[in-house]
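Q: sharing a model prediction with you, sequence too.
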Amino acid sequence: MADLASSSPGYFDKAAGTYVLVGDPPRKWRNVHYNCPGETEIYAECSNLGDGPTTVRDGVGNTCDLIGYDAKYLFIRDEESGRCFTPWGDPVATPVSGKRCVFHAAYTEISGESHELRVTETVFVLQHESCEVWKVTVENLGAIPRKVSLFAYALFQLTGKTAEGVAVWKDNSSRILPDLGGVFIENRDRSVPEWRFNGFIVTTSNGYSGASGYRDHFTRESYSVGDPKILHGWNADNRPGQGPDCAGIVQIRLEIAPHCAARADFLIG
């Protein structure tokens, strides 16, 4: 038993009522967040990498698969060096230190540090809205000012089933909405029963720099989120998209003084 305990990637914090993950588990560990059944029902999984499927459902049972697996991530880029990382260190291969994922009953908190930047991403759902929230804090641990970009990425499905169990297919189209700070994705397929089969990703924070509306605008030829164009200097290009891989990419620019922190918020719904 002692050997098993010593090899565990985390521990229970009984006083806080949480599980704290500090090492890589054998596979992604997920927290489940949901609100009350009804017209604004939402179910969202959040792994130690920050990804996981999100589903919404109305009161009569129309169910929209908003986002699937391996399809939503937060990326951080230092604008001076071009170095890019994620809070847990995956899917981008840049190493991070001090990894920590705290699974609370009401939210998931993921944090990691790279080259004197520490990022904490807190994910939860709203109690009375079909909306997933990312609260992001970036701390500058160094002695010089830092300029960073945050990229929130989500690949939307917008498929699912009607209340009668009939499959909903997708014919997706995205639009950039600068005034709202993000991207709106519409499923225009004739099988869509009602408005809920649309999606958005926006920021409510200052520093909005741009957005993009398709996976292929963000990724390279491999379509891998582990090697996105942002590693090579790409910025959100404000291009919409049309087709099965419509996504929302929102870029925020922050300037952070030494030993200070900045915050940004993103909404998915």
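A: On my side now, so go ahead.
Q: as a check, name the ranges of all strands in the stretch 101-250 of the chain.
A: 108-114, 117-125, 132-140, 146-161, 167-168, 172-177, 182-187, 198-203, 208-214, 241-242, 246-256 (DSSP state E, counting those that start in this stretch).
Q: just checking, what packs against the fifth one?
A: Looking back up the chat, that one is strand 167-168. Secondary-structure packing of strand 167-168 (3 or more C-beta pairs under 8 Å, 6 or more residues apart in numbering; DSSP states H and E): strand 146-161. Every residue, glycine included, has its C-beta placed from N, CA and C.
Q: what helices or strands is the strand it packs on leaning on?
A: strand 63-78, strand 132-140, strand 167-168, strand 172-177, strand 182-187, strand 198-203, strand 246-256, strand 261-268.
Q: the ones you listed: which one's closest to residue 87?
A: Closest to residue 87 of the helices and strands packed on strand 146-161 is strand 63-78 (C-beta to C-beta; 6.5 Å).
Q: quick one: that closest one to strand 198-203, angle?
A: Strand 63-78 and strand 198-203 are oriented at 20 degrees to each other (axes from the mean of the first three to the mean of the last three C-alpha atoms, to 10 degrees).
Q: please name the strands paired to strand 63-78 in the sheet, noting orientation.
A: With DSSP bridges as the test, strand 63-78 is paired with strand 54-57 (antiparallel), strand 84-85 (antiparallel), strand 146-161 (antiparallel).
Q: where does residue 258 fall, phi/psi-wise?
A: phi -60, psi 140 (degrees, to the nearest 10).
Q: what residues does stretch 158-172 touch?
A: 55, 60-66, 156-157, 185-189, 191-193, 197-199, 242-244, 246 (C-beta atoms under 8 Å, 6 or more residues apart in numbering).
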